[in-house]
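S.K.: What follows is a predicted protein model with its sequence.
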Amino acid sequence: MFGYFRFFSQYSDYTAKTVYKNYYCGLCFALDLHYGPMSRMLLSYDTTILAIALHAHLTPQCDRIKCVGCKKTKKDLFSGEDWKKAAAINILLAAEKLRDDITDERSLKATVGSFVFKKCIQKAQKDYPQIHAAIRDGYTAIVKAEAENASVLEIADAFGALMTGLLDAAFVPDPTLKLFVREISRWLYFIDALDDYDEDLKKKRFNPLARPDKTFREFVSTEYTYIASLLEDLYAHHSQLLEQLDDGTTENDILISILKNTIPAVTGTVLNGNKLPALLHFKSGTVWRAKT
Amino acid sequence: MSTITLFHEYASPELLRQLLDYFGDQGAKTLILYSVFKEGLDPKVLKEVVQTQQAFSKGRKVVFKNHAVVFGACKLSLAAKKFLAANSFSVEFALGSDYEQKLQKVAKPLRELNLGGVSSRIWVDVSENQYEVYKACNLQGLGVHFYEPQFTAREIARFDAWLSDPSATAVNTFTDIIYSLTLQLRSHNCRHGSCLGNTFYADRDGQLYMCPICRNESTFLGKPEGKGLQELFGAAGVYNTICNAVSKRTGCVDTCRDFAYCQGGCPLQAECCYKDGHYTALLHHIHTKLREIYNSGSLDGVNNVVKNAILNAVAFRTAFLNDGRKENTHGQNPRI
């Protein structure tokens, strides 16, 4: 379900791209610092958005932090409680995904993964039992809704409730940011269902959008008006959020860009059956710029 | 947002810096349409372009939209394709007037680029130089020939054939109108617009013009060095040109039902299309066809360009999904 919050560089200026990448890298460093180097493999784009929504970073002390090394600098910058919680959320959400894959598909990859990451998962569960409980309860509600063949919007609402429940368990979230997280989470469930349409049909997994007699291309070609009506519901609060987030901070500019650009652009990309762009991760080192 | 058009072959770093300083002082976010004209696509040149842009972007509200123009067909290395995709380049294969012969050769690289996530299209033109033809026809009191009624009828027939061709690739005349109708992006073909004061062109000598296509005495701004751009824009000739453009557009806002889509295009070439209405005939035909397709309940049987445009309209929830017509945006005048 994760990995849809890609950055479309044509919609963003250099500052926004840099800040986004810094949060992504910052989350990676926080995972390493608090939960060990293996946990970095669980790093997700989606938890990066949560970290940005929470304005989690501290003013950095130096210009450049590399992927490996700079231990003292990383400790100075990422030992705070907010970063630790963000890292724990990343791990616990990933853990639920692994559990889901084992239950649904008996995935060998997920089974191996849950063994490999067992230590960091257990540590995160012990550090933040309330976050773990919120995620576990939220997923239970989703599984129940799927078992009852609920509609895609009902299950999307359940996923939105999971993410806001998680926020309440971890922080004291601003109401606007809580609404933002709820709305992007609802969309996330929908886009995941859309993107996994063919694979779910093939593997006979539950998908609230899937029609047994239609491939994805056939579904999109003939039911685009139905998809349009779903999007109308999923975008219903976006105008209100765009107004409320418009305060000139770079972090909120990124959140605005997620609503205005990333979400419709990724939706268009998935509908057209195209591949999503990749984040340029593998440059040597990282660049950290002070907030201006 | 202010827009600057620059050609890599003529844009010095100093000029770029001056333009960015000027718009930065006004607090405007600046979009730079940066074109690289080259026979083939040289990754070394493109890499240099991106590095220069990154150096100038630091701390500024600027977005570069890069565009590489290729004359005829070319071979593309894997490195070049990856670089284009990673740096959001779009590519245009300029085929000139004998496009039918050259089309076969560019079809494969065009498809490869589009599949690799690089927005690519073909530029087909009945003339090697639109502006020269326009100027020549104008001097003789003729409308520009590619907007004659016969041309419009041919274009409508060509569109209908293109629409249902499953292997059809993007053609800029049609895609311009399609994206305008489905995504409310501003069309540039009505020639009745408001970009003066926001779109600039710099030639190889560093002389600035208000327009990348109509480079003549009425759009000439001069050289910014030693003068400051504010002084250039305040000159009497420039002021009069902008006033004339605004007065033409005011008429459009009140009377043209297509204004919501084009929001104006080029203000300097208004007479050649608006009064004759040939552009609007093509616009209406394409609009009617797109609405028929959308209301039919099935996107089967149309080419991928149209399918993609309609699905993007669904994703972005544009006004196309309703009746496809916005109200005239009187009171929301486009930027000048």
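M.R.: Done, it's in.
S.K.: Helix or strand for the most centrally placed residue in chain A, just tell me which one.
M.R.: Centre of chain A computed as the mean C-alpha position; nearest residue by CA atoms, centre = their mean is A:Asp46, 2.0 Å away. Using DSSP states H and E, A:Asp46 sits within helix A:45-53.
S.K.: Other residues contacting that helix?
M.R.: With contact meaning CB atoms under 8 Å, 6 or more residues apart in numbering or on different chains, helix A:45-53 is reached by A:2-6, A:19-20, A:23-24, A:26-27, A:57, A:83, A:86, A:89-90, A:93, A:167, A:177, A:180-181, A:184, A:188, A:251, A:254-255, A:258, A:279. (Each C-beta comes from the backbone N, C-alpha and C, glycine too.)
S.K.: What segments of the stretch 51-200 of chain B are strands?
M.R.: Counting by DSSP state E, counting those that start in this stretch, the stretch 51-200 of chain B has strands at residues B:62-71, B:90-96, B:120-124, B:199-202.
S.K.: any idea how far the helix holding A:Asp46 is from the chain center?
M.R.: 6 Å (CA atoms, centre = their mean, to the nearest Å).
S.K.: Could I get the CA-only coordinates of it as PDB?
M.R.: Extracted C-alpha coordinates of helix A:45-53, given in PDB (Å, rounded to 0.1, in the frame of the first residue of the first chain):
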ATOM      1  CA  TYR A  45       7.800   7.600   1.200                       C
ATOM      2  CA  ASP A  46       4.500   7.700   3.100                       C
ATOM      3  CA  THR A  47       5.900   8.100   6.600                       C
ATOM      4  CA  THR A  48       8.100  10.900   5.100                       C
ATOM      5  CA  ILE A  49       4.900  12.800   4.400                       C
ATOM      6  CA  LEU A  50       3.800  12.200   8.000                       C
ATOM      7  CA  ALA A  51       7.100  13.600   9.200                       C
ATOM      8  CA  ILE A  52       6.700  16.600   7.000                       C
ATOM      9  CA  ALA A  53       3.100  17.100   8.200                       C
END
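S.K.: and that helix, average pLDDT?
M.R.: Averaging pLDDT along helix A:45-53 yields 82.
S.K.: How many residues are close by residue 80?
M.R.: You didn't pick a chain, so chain A it is. By other CB atoms under 10 Å in any protein chain shown, 14 other residues sit near A:Gly80.
S.K.: oops, I was thinking of chain B
M.R.: Neighbour tally, B:Ala80, other CB under 10 Å: 21.
S.K.: One more: the one 4 residues further on?
M.R.: Neighbour count of B:Leu84, defined by other CB under 10 Å: 24.
S.K.: Just to be sure, which of the contacts of helix A:45-53 are found in helices?
M.R.: If you go by DSSP state H, these have A:19-20, A:23-24, A:26-27, A:83, A:86, A:89-90, A:93, A:167, A:177, A:180-181, A:184, A:188, A:251, A:254-255 in helices.
S.K.: pull the helix or strand with minimum mean pLDDT from the chain.
M.R.: Using chain A here. strand A:286-287 (a mean of 43; mean pLDDT, DSSP states H and E).
S.K.: not what I meant, chain B
M.R.: Scanning chain B with mean pLDDT, DSSP H and E, the lowest is helix B:270-273, at a mean of 40.
S.K.: Give me the distance between B:Leu311 and A:Ser114.
M.R.: Computed as CB to CB, to the nearest Å, the B:Leu311 to A:Ser114 distance reads 37 Å.
S.K.: Who has more neighbours out of these two?
M.R.: B:Leu311 (25 against 17).
S.K.: pLDDT at the closest residue to chain A within the stretch 101-250 of chain B, what is it?
M.R.: The nearest approach of the stretch 101-250 of chain B to chain A comes at B:Gly117, 6.5 Å away (CB to the nearest CB). pLDDT for B:Gly117: 74.
S.K.: What count of nearby residues applies to it?
M.R.: 18.
S.K.: doesn't A:Asn274 make contact with it?
M.R.: Yes. Here B:Gly117 reaches A:Asn274: they are 7.1 Å apart, a contact under CB atoms under 8 Å.
S.K.: Could you count how many residues lie near whatever residue of the stretch 51-200 of chain B ends up closest to chain A?
M.R.: Closest residue of the stretch 51-200 of chain B to chain A, CB to the nearest CB: B:Ser57 (3.9 Å). B:Ser57: 20 surrounding residues under other CB under 10 Å.
S.K.: ok, it touching B:Phe64?
M.R.: Yes. Counting by CB under 8 Å, B:Ser57 does reach B:Phe64; the two are 7.1 Å apart.
S.K.: State the number of residues packed around the residue of the stretch 201-336 of chain B found nearest chain A.
M.R.: Residue nearest to chain A within the stretch 201-336 of chain B (CB to the nearest CB): B:Ala315, separated by 3.5 Å. Neighbourhood size, B:Ala315 [other CB under 10 Å]: 24.
S.K.: got the contact list for A:Ile263?
M.R.: A:Ile263 neighbours (CB under 8 Å, 6+ apart): A:184, A:187, A:235, A:238.
S.K.: Same list, the residues you listed, but only the ones touching chain B.
M.R.: By CB under 8 Å from any CB of the partner chain, the members of the contacts of A:Ile263 lying near chain B are A:Tyr235.
S.K.: Touching, A:His34 and A:Lys84? I think so.
M.R.: Yes. If you go by CB under 8 Å, A:His34 and A:Lys84 touch, sitting 4.8 Å apart.
S.K.: what residues does the stretch 151-292 of chain A put near chain B?
M.R.: A:220-222, A:224-225, A:227-228, A:231-232, A:235, A:264-265, A:267-268, A:271-272, A:274-275, A:277, A:280, A:292.
S.K.: out of those residues, which are inside helices?
M.R.: Using DSSP H, these in helices are A:220-222, A:224-225, A:227-228, A:231-232, A:264-265, A:267-268, A:271.
S.K.: For the stretch 1-150 of chain B, what lies in contact range of chain A?
M.R.: Counting by CB under 8 Å from any CB, the stretch 1-150 of chain B sits next to chain A at B:29, B:54, B:57-63, B:65, B:85-88, B:117.
S.K.: Tell me which two of those residues sit farthest apart.
M.R.: The largest distance within the residues of the stretch 1-150 of chain B next to chain A, taken as CB to CB, falls between B:Gly59 and B:Gly117 and amounts to 28.8 Å.
S.K.: Quick check, pLDDT for B:Tyr274.
M.R.: Confidence score, pLDDT, at B:Tyr274: 46.
S.K.: Equivalent analysis for B:Asn198, please.
M.R.: Reported pLDDT for B:Asn198: 55.
S.K.: My guess is B:Lys307 contacts A:Asn272. True?
M.R.: Yes. Under the criterion of CB under 8 Å, B:Lys307 makes contact with A:Asn272 at 7.5 Å.
S.K.: Between the two, which has more neighbouring residues?
M.R.: B:Lys307 (22 against 16).
S.K.: which one is the more buried one nearest to, not counting chain neighbours?
M.R.: B:Leu299 (4.9 Å; CB to CB, 6 or more residues apart in numbering or on different chains).
S.K.: That neighbour looks like it's in a helix, true?
M.R.: No. With DSSP: H, G, I helix; E, B strand; the rest coil as the criterion, B:Leu299 is assigned coil and is not in a helix.
S.K.: just to revisit the earlier point, write the PyMOL selection for whichever of the ones in helices among the residues of the stretch 151-292 of chain A next to chain B are buried.
M.R.: The command below creates a PyMOL selection of those among those that count as buried (16 or more other CB atoms under 10 Å in any protein chain shown):
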select buried, chain A and resi 220+221+222+224+227+228+231+264+265+267+268+271
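S.K.: ok, so of the ones in helices among the residues of the stretch 151-292 of chain A next to chain B, who is nearest B:Phe174?
M.R.: Once CB to CB is applied, the member of these that ends up nearest B:Phe174 is A:Gly268, at 19.0 Å.
S.K.: Count the residues that sit near residue 16.
M.R.: If you meant another chain, say so; for now it's chain A. For A:Ala16, using other CB under 10 Å, the count is 20.
S.K.: Let me rephrase: I mean chain B.
M.R.: Neighbour tally, B:Leu16, other CB under 10 Å: 20.
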